[in-house]
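Peer 1: Give me the fold of what follows.
(one chain, ligands or ions: 1)
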Amino acid sequence: MQAFLAHQKGKVGFVPTMGALHEGHLALIAQAKEQADWVVCSIFVNPTQFNDAQDLAKYPRTEEADIKLLLLHGKCDVLYLPDVAEIYPSDNPLPKYDYDFGNAGKVLEAAHRPGHFEGVAQVVRRLLEIVKPDQLFMGQKDFQQVIIVRKMLEQSPINTELIACPTIREESGLARSSRNTRLSASARLASAEIYKTLRWVAANFGNLPPDEICAKAVAHLAENLLFQPEYFEIVSVEDLTKITDYHANEKAVACTAVYVEGVRLIDNILLN
Ligand code: AMP
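Peer 2: Numbers count the residues shown, from 1 in each chain. A predicted model of the protein is given here:
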């Protein structure tokens with residue numbers, strides 16, 4: 001792959017994924033193709049970012065279908081499909097970097113998935129060092145991940161531009177996710193309520209105190225016995241500190257994680 005890219009002229013755009021590709025991934029690839037000359041997509045289910053062994057074991061792996069989808073879509077130039085030993089060579093352990101993620105490394109996903117973002121930062125850096133892209137395309141669906149990767153880039157010598165892309169949703173409003181395939185048809189439909197609740201929060205931000213909005217949102221979701229909300233918080237977009245008072249000029253984001261049939265779904269909506 002490096003030899004191939006070294007012989008090409010123009011910008012390289014990179015879209016790292018864990019496979020089980022869907023419209024959200026394809027939108028990142030399409031945006032990469034618009035902004036760069038060559039698009040590299042990787043599929044690698046990174047073991048170091050899973051804090052739950054069951055979640056890793058159950059993570060959908062659909063390599064053949066992924067390859068067909070990429071060919072049909074026609075916008076990915078290079079598919080990079082490394083195995084675990086290529087990313088984490090046992091005879092040459094990766095250097096341990098100590099990043100300061102600030103508050104973003106402590107709250108929301110970080111609080112509920114210990115070690116998750118350390119694993120994300122590790123694998124993204126490793127992939128960037130291999131692919132050496134000019135631009136990196138990531139989804140705002142994983143809002144906190146974008147902030148963490150931005151901080152990792154600031155604290156490393158890597159010269160890649162990070163571009164955050166909008167969340168792609170199913171017709172119902174449910175954010176597309178590889179994990180959606182693990183839901184029953186009825187739960188998948190019911191899960192549209194997560195985004196509906198986020199939209200209700202956006203509509204009411206400024207009318208009610210943030211704490212009250214979040215409490216109401218959690219109570220509303222918990223009314224459906226299918227849902228076990230893990231957190232629902234309104235935080236600043238800069239460093240994800242909790243917003244306790246409304247200020248019209250402070251950019252905020254509402255973030256939530258909800259278990260549905262044992263599947264952990266996350267979503268967010270920008271406020272203001
Ligand atoms: P994943 O395969 O879930 O690790 O995701 C790979 C990349 O695709 C990440 O940058 C995600 O944020 C992004 N992504 C996942 N789902 C969506 C979506 N529904 N819309 C936009 N981007 C997404």
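
Peer 1: now the strands for the stretch 1-150 of the chain?
Peer 2: Taking DSSP state E, counting those that start in this stretch as the criterion, the stretch 1-150 of the chain carries its strands at 12-17, 38-43, 78-80, 135-139.

Peer 1: Around the ligand, pick out the residues from the stretch 1-150 of the chain.
Peer 2: Thr17, Met18, Gly24, His25, Ala27, Leu28, Met138, Gly139, Lys141, Asp142 (Cβ under 6 Å from any ligand atom). Every residue, glycine included, has its C-beta placed from N, CA and C.

Peer 1: can you list the strands of the stretch 1-150 of the chain in CSV and add mean neighbour count and mean pLDDT?
Peer 2: Converted to CSV, these look like this (neighbours: other Cβ atoms under 10 Å; pLDDT from 0 to 100):
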stretch, mean neighbour count, mean pLDDT
strand 12-17, 25, 98
strand 38-43, 24, 98
strand 78-80, 16, 97
strand 135-139, 23, 99
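
Peer 1: Dump these into a markdown table; add distance to Glu223 as well.
Peer 2: Below are the strands of the stretch 1-150 of the chain laid out as a markdown table (distance: least, Cβ to Cβ, whole Å):
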| stretch | distance to Glu223 |
| --- | --- |
| strand 12-17 | 34 |
| strand 38-43 | 38 |
| strand 78-80 | 43 |
| strand 135-139 | 29 |
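
Peer 1: what's the angle between the longest helix along the chain and strand 38-43?
Peer 2: The longest helix of the chain (DSSP state H) is helix 116-131. Orientation check (axes from the mean of the first three to the mean of the last three Cα atoms, to 10 degrees): helix 116-131 against strand 38-43 gives 140 degrees.

Peer 1: you'd agree Ala248 is in a helix?
Peer 2: No. Ala248: not assigned to a helix; according to DSSP: H, G, I helix; E, B strand; the rest coil it is coil.

Peer 1: can you pull the contacts of it?
Peer 2: Counting by Cβ atoms under 8 Å, 6 or more residues apart in numbering, Ala248 makes contact with Gly206, Asn272.
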